[in-house]
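A.B. asks: for reference, the sequence and a predicted model appear below.
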Amino acid sequence: MIYKSRGENTELELFRTIQVRKRIGEKDENNYKYLEKGWLGEKQFDQLFLTLTNECLILNNLLFEVNNTQLQIDSLLITSKEIIIFEVKNFEGDIVIDGNRWHLPSGKEIKNPLIQFSRCESLFRQLLEELRFTLSVESKLEFINPEFYLYEAPVKAPFVFHAQLGRLFKKLDTLAAGSLPGGHLQLAEKLVSLHIKDTPYKRLPVYNYEELEKGIVCMRGCSFMVVASQNYLVCLNCGDLEHKESAVLRSVKEFRLLFPERKNTTSQVTEWCGVISSRLTIRKYLLKEYKLVTTGRTSHFVKKDE
Ligand SMILES: [Zn+2]
């Protein structure tokens, strides 16, 4: 069972909206593409866990602090006999391994993912030790993309290629046979309680309110949306329709994350969303999730549950 879902990717959501609202540089563009691709790969990998029928616990997207070092885990599987750490890579094209060096056929060196990978396993073992939990730990590096080939990959390496995923999950299901001891569930609870939320701002491009183009950006991050009908907006690029209310509330959520210091007034939100000119409509939508707080002569909206 999925004990901890992957959740939302706030960093990617903010990146999507920024890169439509302003022209970003090459480095930011590359970061954005890397994030989009990585997230897509992880979501595809999540689907494979749904094929497991036996008793096991799946914990996705974990971040811990172990010995003052951050430990990030894409997916973790707890079975009665073993814990398996999964690192998912959505690489495409060809990569060549030459000793410890990983490079593209052109010769351009890329970061060897095995370095991070073995550090991750060792930190996780330390964490288990701190929690006084003994169970064997194994790690696997998944290459989820069928369009990827790794030259000179050693047979004994912990790699799982796209063509091997079906067999891996059959093996995992067999491994998960038998009931899960209660201590394993307690371990999962403990791990979730130790999970720390990462800041979504570390890799974002630099931005300020004035330079960002106003409007509602499609949730896929492809383009601005325009009015399609009385109740719907449409993305000019992918053609996705979204109800105006949900589009406005989604846009307000982005705005609050991008500019936490700015007050959520009706006129501010109307300006940010751009495409809906009626302040009354904006106010009506806002009241679904926000309440109006009046201080002196001004009033602004705050989240109902805050
Ligand atoms: Zn779109």
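C.D. replies: Nice, I can see it.
A.B. asks: how about the residues of this structure by the ion?
C.D. replies: Applying C-beta under 5 Å from the ion, we find that the chain lies next to the ion at 218, 220, 222, 235, 237-238, 240. Where C-beta positions appear, they are placed from N, C-alpha and C, glycine not excepted.
A.B. asks: and those residues as TSV, adding pLDDT?
C.D. replies: Listed next are the residues of the chain next to the ion as TSV, based on pLDDT from 0 to 100:
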residue	pLDDT
Cys218	96
Arg220	95
Cys222	93
Cys235	96
Asn237	95
Cys238	96
Asp240	96
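A.B. asks: and those residues, which are buried?
C.D. replies: Neighbour-count burial (16 or more other C-beta atoms under 10 Å) applied to the residues of the chain next to the ion gives 218, 222, 235.
A.B. asks: so of those, which ones are in strands?
C.D. replies: Cys235 (DSSP state E).
A.B. asks: show me what the lengthiest helix in the chain is packed up against.
C.D. replies: With secondary structure taken from DSSP state H, the chain has its longest helix at helix 26-49. Helices and strands touching helix 26-49, by 3 or more C-beta pairs under 8 Å, 6 or more residues apart in numbering; DSSP states H and E, are helix 10-21, strand 57-66, strand 69-78, strand 82-89, helix 165-175.
A.B. asks: tilt between that helix and helix 165-175?
C.D. replies: In terms of direction (axes from the mean of the first three to the mean of the last three C-alpha atoms, to 10 degrees), helix 26-49 departs from helix 165-175 by 50 degrees.
A.B. asks: mind listing what's buried along helix 26-49?
C.D. replies: Within helix 26-49, the residues that qualify as buried are 28, 31-32, 35-39, 41-42, 44-46, 48-49, counting by 16+ other C-beta under 10 Å.
A.B. asks: list the contacts of Leu40.
C.D. replies: Residues in contact with Leu40 (C-beta atoms under 8 Å, 6 or more residues apart in numbering) are Asn90.
A.B. asks: same question for Leu249.
C.D. replies: Leu249 neighbours (C-beta under 8 Å, 6+ apart): 285-286, 288-289.
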